[in-house]
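Undergrad: Compute the structure for the input listed below.
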Amino acid sequence: YDNANLMQLVAYEATRKLRSFSHRELSNIIWAFGKVFRRPRKFVLAAAAEARARLPHFTPTELANLAWALTVLEVYDVGLFKEVFERAAADEGLQMLQEGDLNQLYQVYCLLRLQAPEAVKGIGRELLLAMEAAWATSKEREKRTTKRQAAVAKVLENLQIRHEVEAEHDIDILLPEHGVALEVDGPAHFLRNTGHPMGHTIMKRRLLELMGYNVISVPHFEFDRIPYWSSMELKRYLQRKCQTDEVLYFNDLDSSTHKPYPPRGKKTRFD
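TA: Numbering: from 1, shown residues only. Got it, this is the predicted structure:
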């Protein structure tokens, strides 16, 4: 849940009192701002500086939360990340890292490798293998095609657009001939009251874009509004999302070409 005024007040007060925070409190508040993707500049920079000064005192889990949040918020402090990974790679740190911690660090590693490669240069092989194994295990366990994904795939099939469901790099639906990564985003990807994407969703989109994909989101609050039996509207919606140029003929009087889809709040393309 997002409240812009509340988060601004929290950022203002927290900036003044950062030195009184415990290590866990400091790690948690930075993580919270990353989760809702709020980036008040003064707070973020002050919190990152305070965290940098305290790195030796953070637990491995706190380090993972901190690194993930700062990556989401695009605070690429090379020295800070180098030390985070060095501490995580140490024998004691590696033994204490949980699967969730390793997953967060792996996401950080993948993004920094493309956007700030010097920050992950020389990362320990043992840590890298542990992160890759944890990520593979969690994705294998979580990987399942949702009903919404299956419905989107069915429309693409009817449009005769070649696609792959649950493709590489954790892409929901890949259109290989177009270099398009379709992300079928359910409620867990958005803030409940505003519909804005959350930090983990923004991070994934950023990573896929850095890898060269054209990332297109199919949010639940758009797709679910279209009746499942209205095949023409479903086709029109995905046609416009994917911006395909082909004219679709439904009958002699009804055809469709790419036009911008109505903004959120509109019920049909005619409103």
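Undergrad: Any idea how many residues pack against N65?
TA: The number of residues packed near N65 is 24, by other C-beta atoms under 10 Å. Quick note: C-beta positions are derived from backbone N, CA and C, even for glycine.
Undergrad: list the contacts for it?
TA: Going by C-beta atoms under 8 Å, 6 or more residues apart in numbering, N65 touches 27-28, 30-31, 104.
Undergrad: any idea how far Y213 lies from K139?
TA: Per C-beta to C-beta, to the nearest Å, Y213 is found 18 Å from K139.
Undergrad: Show residues contacting the helix or strand hosting M131.
TA: Element membership of M131 [criterion: DSSP states H and E] is helix 125-142. Residues outside helix 125-142 that contact it (C-beta under 8 Å, 6+ apart) are 85, 88-89, 94, 97, 99, 102-103, 105-106, 109, 170.
Undergrad: for these, which one is nearest Y1?
TA: Nearest to Y1 among those is N103, at 23.9 Å by C-beta to C-beta.
Undergrad: Report all helices and strands that the helix or strand encompassing the closest one contacts.
TA: Assigned by DSSP H and E, N103 falls within helix 99-115. Secondary-structure packing of helix 99-115 (3 or more C-beta pairs under 8 Å, 6 or more residues apart in numbering; DSSP states H and E): helix 60-72, helix 78-89, helix 125-142, helix 199-210.
Undergrad: Could you give the average pLDDT over the second one?
TA: Looking at helix 78-89 alone, the average pLDDT works out to 91.
Undergrad: what angle separates it from helix 99-115?
TA: Counting by axes from the mean of the first three to the mean of the last three C-alpha atoms, to 10 degrees, helix 78-89 lies at 140 degrees to helix 99-115.
Undergrad: Please could you give me each C-alpha atom of helix 78-89, formatted as PDB?
TA: Output in PDB follows, covering the C-alpha atoms of helix 78-89 (Å, rounded to 0.1, in the frame of the first residue of the first chain):
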ATOM      1  CA  VAL A  78      30.700   0.500  -6.300                       C
ATOM      2  CA  GLY A  79      32.700   0.400  -3.100                       C
ATOM      3  CA  LEU A  80      29.600  -0.500  -1.100                       C
ATOM      4  CA  PHE A  81      28.600  -3.400  -3.300                       C
ATOM      5  CA  LYS A  82      32.100  -4.700  -3.500                       C
ATOM      6  CA  GLU A  83      32.200  -4.900   0.300                       C
ATOM      7  CA  VAL A  84      28.700  -6.400   0.500                       C
ATOM      8  CA  PHE A  85      29.700  -9.300  -1.800                       C
ATOM      9  CA  GLU A  86      33.100  -9.700  -0.100                       C
ATOM     10  CA  ARG A  87      31.300 -10.100   3.300                       C
ATOM     11  CA  ALA A  88      28.700 -12.400   1.800                       C
ATOM     12  CA  ALA A  89      31.500 -14.600   0.300                       C
END
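Undergrad: and it, how far out from the chain's middle?
TA: Computed by C-alpha atoms, centre = their mean, to the nearest Å, the chain-centroid distance of helix 78-89 equals 22 Å.
Undergrad: What of the last one?
TA: If you compare the mean C-alpha spot of helix 199-210 with that of the full chain, they lie 4 Å apart, counting by C-alpha atoms, centre = their mean.
Undergrad: Repeat that for the third one.
TA: Averaging C-alpha positions (C-alpha atoms, centre = their mean) puts helix 125-142 18 Å from its chain's average.
Undergrad: Go through that helix and flag the buried ones.
TA: Buried positions in helix 125-142, judged by neighbour count with 16 or more other C-beta atoms under 10 Å: 127-128, 130-131, 134-135.
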